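Engineer: Attaching a predicted model along with its sequence, questions to come.
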Amino acid sequence: MKLIPLLLLVVIACWTQATIFEASGIMQCSLPGQTWCVHLYLYEIDLIKDDLLGEKGRLCTSGKQVKYLVEGEEDGDGIWDDHYELKLKARHNCSTHGELLDVWSYEKSAPVNSKYMIDFPWSYNLTDKGIRVPGKD
């Protein structure tokens, strides 16, 4: 009987609601007449290993822009870290020679105790921007 209150305390302490993340925006490509694609990744940046929170598979279009939405969730950050550090990566081929490029967004910080949805808007013109992905032409 004495273990029931202790067990209840452990369950309450361990049960946490995940923080929901939503990244959205518009990716643009200004190259005329080209079909281009973008793949988006939402990361929580950590000192040792970054956590992939969500991704949006290849979005391809022959138009100038494409809208996206990436959703993810996380149950806390590392030890002694009281903020989520969020970044988006866009891997795309909106380049003059069709090579694959990676572009990273700015970093957004949000308190770990935020248990509501955290919105991360990012719109960007990808045209010829980013670091070439080796061996992926």
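Structural biologist: Great, that's in hand. The shown structure was predicted, so the numbers you read here are calculated from the model rather than taken from an experiment.

Engineer: got the contact list for the residue nearest the centre of the chain?
Structural biologist: Note on the chain: the residue nearest the mean C-alpha position is residue 42, at 1.1 Å, using CA atoms, centre = their mean. For residue 42, the contacting residues are 21, 23, 52-55, 70-72, 86-88, 120, by CB atoms under 8 Å, 6 or more residues apart in numbering. Backbone N, C-alpha and C define where each C-beta goes, glycine included.

Engineer: hmm, 10 Å instead?
Structural biologist: With contacts defined as CB atoms under 10 Å, 6 or more residues apart in numbering, the neighbours of residue 42 are 21-23, 51-56, 70-72, 86-89, 105, 120, 122.

Engineer: ok, now residue 64?
Structural biologist: Under the criterion of CB under 10 Å, 6+ apart, the contact list for residue 64 reads 26-32, 36, 94, 125, 127.

Engineer: mind listing what residue 66 touches?
Structural biologist: By CB under 10 Å, 6+ apart, residue 66 lies in contact with 25-29, 36-38, 40, 56, 59-60, 92, 126.

Engineer: Do you have the strands of the protein handy? List them.
Structural biologist: 19-28, 36-44, 51-61, 65-74, 83-92, 101-104, 108-111, 118-121, 124-125, 131-132 (DSSP state E).

Engineer: okay if I get those strands as TSV plus mean pLDDT?
Structural biologist: TSV is the format used below for these (pLDDT from 0 to 100):
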stretch	mean pLDDT
strand 19-28	93
strand 36-44	96
strand 51-61	94
strand 65-74	94
strand 83-92	93
strand 101-104	97
strand 108-111	86
strand 118-121	88
strand 124-125	96
strand 131-132	96
